[in-house]
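Novice: Sequence unavailable; structure follows:
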């Protein structure tokens with residue numbers, strides 16, 4: 001049994017080179033023409049939200065400056081969502097490392113939201129039901145995947161599953177579940193909990209990783225916006241390649 005939906009692309013977890021290759025491939029398709037219809041058709045096939053936004057807004061009547069400004073606003077929206085999810089993951093992992101009462105973890109995670117999404121009792125009940133199903137097994141692998149594409153309220157419930165499981169079954173028993181998660185931050189943090197590292201060490205490592213992921217996400221989105229603008233401006237393939245190279249290490 002599984003709690004998972006189909007995998008959704010997320011620019012924050014896509015490689016920088018892959019994002020550059022995507023826009024360069026669009027240039028090859030468009031050639032020297034400005035093709036708004038092609039961009040909109042591509043947007044309709046694109047699952048990644050930020051790239052879809054760029055495709056939908058790039059060929060509107062916005063000036064270059066206006067386009068880059070709204071793309072920047074959208075990027076910050078993505079970053080805020082990313083930081084919210086990072087905060088939830090951090091609270092859950094640190095609670096597991098300290099062996100705390102699960103309600104403490106729930107209260108701290110709920111504090112990251114501007115308003116209460118659902119009653120604490122409902123969140124706990126949903127998470128404990130997942131624990132019950134995981135214990136039952138039913139002959140099928142049970143997965144509770146953690147990633148950045150999960151809605152924040154759903155992520156909270158999934159993380160509470162891990163908090164309850166660690167409290168009742170021990171941190172070392174979570175490895176099978178964690179290996180199915182697509183979020184590298186969560187997998188790394190959980191492995192430190194399993195290895196028995198102290199809370200302060202785990203927090204320092206998680207904080208450093210989160211800061212690096214946010215910087216990298218901003219870089220990726222900045223490059224994507226500049227390449228979208230270059231596509232609209234009918235830069236040649238070689239010129240777009242030069243733009244992409246500026247963002248490469």
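Specialist: Yep, it's here. Values in this document were obtained by computation on a predicted structure and should not be read as measured data. Numbering: from 1, shown residues only.
Novice: Go through the strand or helix carrying residue 109 and flag the buried ones.
Specialist: In this assignment (DSSP states H and E), residue 109 forms part of helix 102-110. Under the neighbour-count criterion of 16 or more other CB atoms under 10 Å, helix 102-110 has 102, 105-106, 108-110 buried. Every C-beta, even on glycine, is put in place using the N, C-alpha and C of the backbone.
Novice: Next one: the residue nearest to the spatial centre of the chain from residue 121, what distance?
Specialist: Compute the mean C-alpha point of the chain, and by CA atoms, centre = their mean the closest residue is residue 148, 2.3 Å away. For residue 148, the distance to residue 121 under the criterion CB to CB, to the nearest Å works out to 27 Å.
Novice: In the protein, mark out all the helices, start to finish.
Specialist: 16-30, 36-45, 49-58, 64-98, 102-110, 120-136, 152-169, 175-178, 184-194, 199-232, 237-245 (DSSP state H).
Novice: Between those helices, which one is closest to residue 143.
Specialist: When these are ranked by proximity to residue 143, the top entry is helix 175-178, at 6.8 Å, counting by CB to CB.
Novice: Quick one: distance of the closest one to the chain centre.
Specialist: On the basis of CA atoms, centre = their mean, to the nearest Å, helix 175-178 is displaced by 19 Å from the centre of the chain it belongs to.
Novice: for that helix, packing partners?
Specialist: Applying 3 or more CB pairs under 8 Å, 6 or more residues apart in numbering; DSSP states H and E, one finds that helix 175-178 contacts helix 184-194.
Novice: in the helix it packs on, what counts as buried?
Specialist: Judged by neighbour count (16+ other CB under 10 Å), helix 184-194 contains these buried residues: 185-186, 189-194.
Novice: and if you look at stretch 167-183?
Specialist: Of the residues in stretch 167-183, those buried under the neighbour-count criterion (16+ other CB under 10 Å) are 167, 171, 174, 177-178, 181-183.
Novice: next one: stretch 69-79
Specialist: Of the residues in stretch 69-79, those buried (16+ other CB under 10 Å) are 70-71, 74-75, 78-79.
Novice: same deal with stretch 79-95?
Specialist: Judged by neighbour count (16+ other CB under 10 Å), stretch 79-95 contains these buried residues: 79, 81-82, 84-95.
Novice: Pick out whichever of those sits closest to residue 137.
Specialist: Using CB to CB, residue 92 comes nearest to residue 137 of the buried residues of stretch 79-95, at 23.2 Å.
Novice: how deep is the closest residue to that closest one other than its chain neighbours tucked in, by neighbour count?
Specialist: Spatial nearest neighbour of residue 92, chain neighbours left out: residue 159 (3.9 Å); criterion: CB to CB, 6 or more residues apart in numbering. The burial count assigned to residue 159 is 27, neighbours taken as other CB atoms under 10 Å.
Novice: So for residue 159, what's the pLDDT?
Specialist: In the predicted model, residue 159 carries a pLDDT score of 95.
Novice: Contacts only, for it.
Specialist: Residues near residue 159 by CB atoms under 8 Å, 6 or more residues apart in numbering: 88-89, 91-92, 105, 109, 146.
Novice: can you check residue 199 too?
Specialist: Contact criterion CB under 8 Å, 6+ apart gives 94, 97-98 as the residues in contact with residue 199.
Novice: So for residue 190, what's the pLDDT?
Specialist: 91.
Novice: Test my guess that it contacts residue 178.
Specialist: Yes. Contact status for residue 190 versus residue 178: in contact at 4.6 Å, counting by CB atoms under 8 Å.
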